[in-house]
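In: here is a sequence together with a model predicted from it:
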Amino acid sequence: SEKVISTANLPSPSITDGSKYFQSTLYTGTGSSLAVTQSGNSTFQPDWVWIKGRSGATEHVLTDAVRGVTKELSSDDNGAEETVAQGLTAFGSSGFTVGTDGSYNTGSATYVGWQWKANGSGSSNEDGDITSTVSANTTAGFSIVKYSGNGSDNQEIGHGLGIAPKMIITKRRDASGNWTTYHDAVGINQVFYLNSTAVPASNTEQYRATPTSSVYTIGVGGDINNSSGTYVAYVFAEVEGYSSIGSYEGNGNADGSFIYTGFSPSWLLIKNIDATESWNLRDNKRDLFNVTKEILVPNTNAAESTSGGGQYADLLSNGFKLRGTDPGVNSAATFIYV
């Protein structure tokens with residue numbers, strides 16, 4: 001039978017309030033211990049917090065509840081995990097607390113904190129060849145995975161999501177290592193990095209099989225599975241009405257491509273996979289109105305920049321539309337997004 005075109009005939013999303021699981025929070029540094037509080041429709045205790053100074057050239061700093069407070073990794077470099085006593089010092093019931101370190105809290109500087117809800121400090125997962133510690137939010141399709149490498153090829157690791165992930169970002173903790181990345185649109189036996197502008201390249205040491213509902217498969221190499229290495233991975237699956245992970249073809253036109261997501265994006269990460277271009281990150285808190293133009297770059301420590309038009313994009317009620325011709329977002333190339 002036929003149905004009238006009406007929003008009443010669309011399926012109901014499983015998540016009606018995304019602010020229960022993800023929020024972007026803006027704050028101004030004080031130079032002394034500071035509790036940062038969320039401002040969405042709902043609040044939650046975050047399990048992964050990614051902070052970036054907007055007004056200054058400070059590193060991206062990432063802390064999660066599985067590794068623990070004060071444990072810092074930076075997406076713009078390949079360095080080992082550091083303990084920063086005055087970094088992120090607590091995960092609160094509706095936000096987080098930062099100390100006095102300049103990457104987190106310089107007086108009068110401006111910052112953004114992107115926050116995801118997983119499931120606390122995690123528990124043991126024995127689904128794969130390598131036992132992992134997993135903090136999984138199966139409702140929102142996000143998990144944090146911690147493991148120790150064994151130096152063997154084709155090793156399965158449990159991710160705890162119950163559905164197959166479409167993006168995985170892994171970082172070595174005990175030593176230097178790139179932020180090796182898997183994306184469904186790029187596929188297996190390829191490698192590219194969150195901390196690099198490079199395009200995906202053939203590589204059989206990284207992600208070795210298409211992820212399943214319970215595990216993903218890695219090879220052997222320092223960035224992902226050294227016999228003495230320790231690692232953390234951030235794992236993302238698509239959830240209808242809440243998250244979208246895919247690719248699009250740019251058209252190199254200011255009247256750019258429209259990408260349907262089925263919801264209004266609040267955080268958008270883009271990478272050109274045909275050219276050596278930086279990652280491009282925007283959200284709906286730093287830009288309250290379209291077109292969005294305030295850009296942060298995960299692979300550099302650069303301060304927030306206002307796009308001169310080339311990287312403009314609209315965040316719409318059901319997707320996003322490119323409004324510029326910069327090759328970082330909309331040349332005649334293929335782009336991946338989350």
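Out: Perfect, thanks for sending it. Numbers count the residues shown, from 1 in each chain.
In: residue ranges with poor pLDDT in the protein?
Out: Along the chain, segments meeting pLDDT under 70 span 1-13.
In: measure R282 to V235 for me?
Out: 22 Å (Cβ to Cβ, to the nearest Å). Where you see a C-beta, it was placed from the backbone N, CA and C, and this is true even at glycine.
In: what of T25?
Out: 23 Å.
In: more crowded one of those two?
Out: A count of neighbours by other Cβ atoms under 10 Å puts V235 above the other of T25 and V235, at 25 against 21.
In: buried ones in stretch 182-196, by neighbour count?
Out: Buried residues in stretch 182-196, counted by 16 or more other Cβ atoms under 10 Å: 182-186, 188, 190-196.
In: contacts for that stretch?
Out: For stretch 182-196, contacts defined as Cβ atoms under 8 Å, 6 or more residues apart in numbering pick out 75-78, 166-169, 178-181, 198-211, 216, 245-247, 271, 273, 279, 298-299, 334, 336.
In: which ones among those lie within strands?
Out: Under the assignment DSSP state E, the contacts of stretch 182-196 contribute 167-169, 180-181, 201-202, 207-209, 216, 246-247, 271, 334, 336 to strands.
In: which among those gets closest to G68?
Out: Comparing the ones in strands among the contacts of stretch 182-196 against G68 with Cβ to Cβ places I169 closest, at 18.8 Å.
In: look up how far S42 lies from that closest one.
Out: Note on I169: its distance to S42, by Cβ to Cβ, is 26 Å.
In: looking only at neighbour counts, state which of the two leads.
Out: Shown here are I169 and S42; by other Cβ under 10 Å, I169 has more neighbours (21 against 13).
In: and the more buried one, what does it touch?
Out: Taking Cβ under 8 Å, 6+ apart, we find I169 in contact with 179-182, 194, 233-234.
In: if you set the cut-off to 6 Å instead, what comes out?
Out: Contacts for I169 (Cβ atoms under 6 Å, 6 or more residues apart in numbering) come out as 179, 181, 194, 234.
In: ok, and the closest non-adjacent residue to the third one?
Out: The reference is to L194. In this structure, L194 finds its nearest non-sequential neighbour in W179, 3.7 Å apart by Cβ to Cβ, 6 or more residues apart in numbering.
In: gap between that neighbour and A140?
Out: Counting by Cβ to Cβ - W179 and A140 are separated by 22 Å.
In: what does N251 give?
Out: Here the distance between N251 and A140 works out to 32 Å (Cβ to Cβ).
In: neighbour count: those two, which is higher?
Out: Neighbour totals were compared for N251 and A140, and A140 leads with 23 against 15 (other Cβ under 10 Å).
In: my guess is the more buried one meets Q23, correct?
Out: No - using Cβ atoms under 6 Å, A140 makes no contact with Q23, being 12.0 Å away.
In: mind jotting down where the strands sit in the stretch 1-150 of the chain?
Out: With DSSP state E, counting those that start in this stretch as the criterion, the stretch 1-150 of the chain has strands at 22-28, 34-37, 48-53, 61-64, 71-72, 82-83, 88-92, 95-98, 110-116, 123-125, 132-137, 142-148.
In: ok now the last one, how far from the chain's centre?
Out: So that's strand 142-148. 14 Å (Cα atoms, centre = their mean, to the nearest Å).
In: again, but for the first one
Out: Shown here is strand 22-28, whose average C-alpha point lies 15 Å from the average C-alpha point of the whole chain (Cα atoms, centre = their mean).
In: what comes up buried for it?
Out: For strand 22-28, by 16+ other Cβ under 10 Å, it's 22-25, 27.
In: kindly report the same for the second one.
Out: Of all the residues in strand 34-37, those buried under the rule 16+ other Cβ under 10 Å are 34, 36.
In: show me what that strand is packed against.
Out: strand 95-98 (3 or more Cβ pairs under 6 Å, 6 or more residues apart in numbering; DSSP states H and E).
In: is it true that S75 touches T63?
Out: No - S75 is beyond contact range of T63, at 12.0 Å (criterion: Cβ under 6 Å).
In: can you get me a residue count around the closest residue to S278 other than its chain neighbours?
Out: Leaving aside its chain neighbours, S278 sits nearest to V297 (4.8 Å; criterion: Cβ to Cβ, 6+ apart). V297 has 20 neighbouring residues, counting by other Cβ under 10 Å.
In: gap between V297 and E277?
Out: The value you get for V297 to E277, if Cβ to Cβ is used, is 10 Å.
In: swap in S214?
Out: Computed as Cβ to Cβ, the S214 to E277 distance reads 34 Å.
In: which of the two has more neighbours?
Out: E277 (21 against 17).
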